[in-house]
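Student: structure for the following, please:
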Amino acid sequence: MKKGFLGFGFLFFLFGSWFFLNNKVEILNPLSNNKELIKDKKEIKVMGFLPTWNVGKTIEYKDEVSHLIFLGVEVDEDGNLVWDSQSKKIKSETYLKQKDLIWENGGKNILGIKLFDDEKLNKLMASTKAQDNLINQLKELIKIEKFEGINVDFEYMGSPTAILSEEMINFLSRLKQEDLGEISLDIFANTIIRGNQENLLNLIKKIDYLIIMAYDFHRPGVNFAGPVAPIRSPVGERNILEVVEKIGILGIDKNKIILAYPLYGYEWKTYNSEFGAAVKSGWSALASYKRMKELLRDTNKIVNWDEESMTPWLTFEENEEIHQIYFENEESLNRKFQLVKNNQIGGLGFWALGYEGEEKEVWQNLDELFK
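Tutor: Sure thing, here's the model as predicted:
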């Protein structure tokens, strides 16, 4: 009897190993051609974040995105919407025209609210009065400006998992119950990687979409230069595939997941020209998709390709200092699009609209992949 049980256990182990490896292959292979896994354009959500500082500085978006997120309006600890020169662009002629174009093409306009101060966030989450105040102001604003949902960009700087608190989940549940349209929440990649399964599953039930910021894995302030949004990475470093894999392991509803990708990279001054070189502190620069297209068009700089992270990068000398730029191009973005398609993720997003400039291939490639 014991020998028979062991034999059955061994067969079960073999089958389980085969099943795991075959499913894992799809997660680890963003270029798979398995037709059973793909999503078409009708199913996929494409969310574009329009930061206030780029209003009036972008192409006119029509059907390129399904959701245009105006980001946005800051919230204070008392639940007040802060109306400064940036947030007031919500009534600008340029934005209102863009808003109409989205509606005319069957898309949705979403209001983004933001707060990046841990102390203020804690005070807001601890006060029912402040939350009531915020909800009342949001209801009035949505009624007047005719938005079709709220995007919550509340970022705790001290801990990526603080967003999973019971108070935050209850607040999001209240938003959903107030008939404010679709409710989405932005979180760090590390929130998925390090978050508690029960809290994440509870959170996802309360909202329509969970937008994972799949970027800034390397950013200003790091000690070593590297890819902003690596698909893979050396052992011990975070990457996008780790996030996708964790989503599957935790049993999170993929249809509610949006992987937001960067239309930018970063430039650093480094101590040598090797990949992942140590950074000289005190200086960095944004390397937008638009900037890199113009730079490579006008110079003869050699672009390197890192196959592990699936990222283009280059190194050069200027004023006797070594510079390194890790950025996004057609190939790196196409690999990221394919990852969403093959793994049946609900959609993808872009930070930030305007960083691509007048270049149309991002949107053309997206259409071609999901047609």
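Student: helix, strand or coil for Lys97?
Tutor: Following DSSP: H, G, I helix; E, B strand; the rest coil, the label given to Lys97 is helix.
Student: which pLDDT value goes with the closest residue to it other than its chain neighbours?
Tutor: Take Lys97 and drop its neighbours on the chain: the residue closest to it by C-beta to C-beta, 6 or more residues apart in numbering is Glu60, 7.6 Å away. Backbone N, C-alpha and C define where each C-beta goes, glycine included. Glu60 is assigned a predicted lDDT (pLDDT) of 98.
Student: those strands in the stretch 51-200 of the chain, which residues are they?
Tutor: Secondary structure of the stretch 51-200 of the chain by DSSP state E, counting those that start in this stretch: the strands cover 67-75, 81-82, 108-115, 149-154, 182-188.
Student: what's the distance between Leu81 and Asn136?
Tutor: Look at Leu81 and Asn136: by C-beta to C-beta, to the nearest Å, they are 10 Å apart.
Student: and what of His67?
Tutor: In terms of C-beta to C-beta, His67 sits 24 Å off from Asn136.
Student: between these two, who's got more neighbours?
Tutor: His67 (24 against 12; other C-beta atoms under 10 Å).
Student: contact partners for the more buried one?
Tutor: 45-48, 107-110, 149, 182 (C-beta atoms under 8 Å, 6 or more residues apart in numbering).
Student: which non-adjacent residue is nearest it?
Tutor: With C-beta to C-beta, 6+ apart, the residue lying closest to His67 is Met47, at 4.3 Å.
Student: sec struct for the one you found, please.
Tutor: Put simply, Met47 is strand when judged by three-state DSSP.
Student: quick check: it touching Leu353?
Tutor: No: between Met47 and Leu353 there is no contact under C-beta atoms under 8 Å: 10.0 Å.
Student: joint contacts of those two?
Tutor: Joint contacts of Met47 and Leu353 (C-beta under 8 Å, 6+ apart) are Val65.
Student: quick check, central residue of this protein?
Tutor: The structure's the chain has its C-alpha centroid closest to Ala260; by C-alpha atoms, centre = their mean the separation is 2.3 Å.
Student: that's a helix at it, yeah?
Tutor: No: Ala260: not assigned to a helix; according to three-state DSSP it is strand.
Student: residue contacts, it?
Tutor: 47, 49, 186, 211-215, 348-351.
Student: in the sheet, who's paired with it?
Tutor: Beta-bridge partners for Ala260, by DSSP bridges, are Met213, Gly349.
Student: so what pLDDT did it get?
Tutor: Note on Ala260: pLDDT of 98.
Student: what bridges to Ser184?
Tutor: Here Ser184, judged by DSSP bridges, has bridge partners Asn151, Tyr209.
Student: dump the residue contacts of it.
Tutor: By C-beta under 8 Å, 6+ apart, Ser184 lies in contact with 47, 110, 149-152, 207-211, 258.
Student: could I get the residues you listed as a markdown table with neighbour count and distance to Thr315?
Tutor: Shown next, in a markdown table, are these (neighbours: other C-beta atoms under 10 Å; distance: C-beta to C-beta, whole Å):
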| residue | neighbour count | distance to Thr315 |
| --- | --- | --- |
| Met47 | 25 | 33 |
| Ile110 | 26 | 39 |
| Gly149 | 20 | 43 |
| Ile150 | 27 | 43 |
| Asn151 | 25 | 37 |
| Val152 | 24 | 39 |
| Ile207 | 20 | 42 |
| Asp208 | 18 | 43 |
| Tyr209 | 23 | 38 |
| Leu210 | 22 | 36 |
| Ile211 | 28 | 33 |
| Ile258 | 25 | 33 |
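Student: thanks a lot, see you next time.
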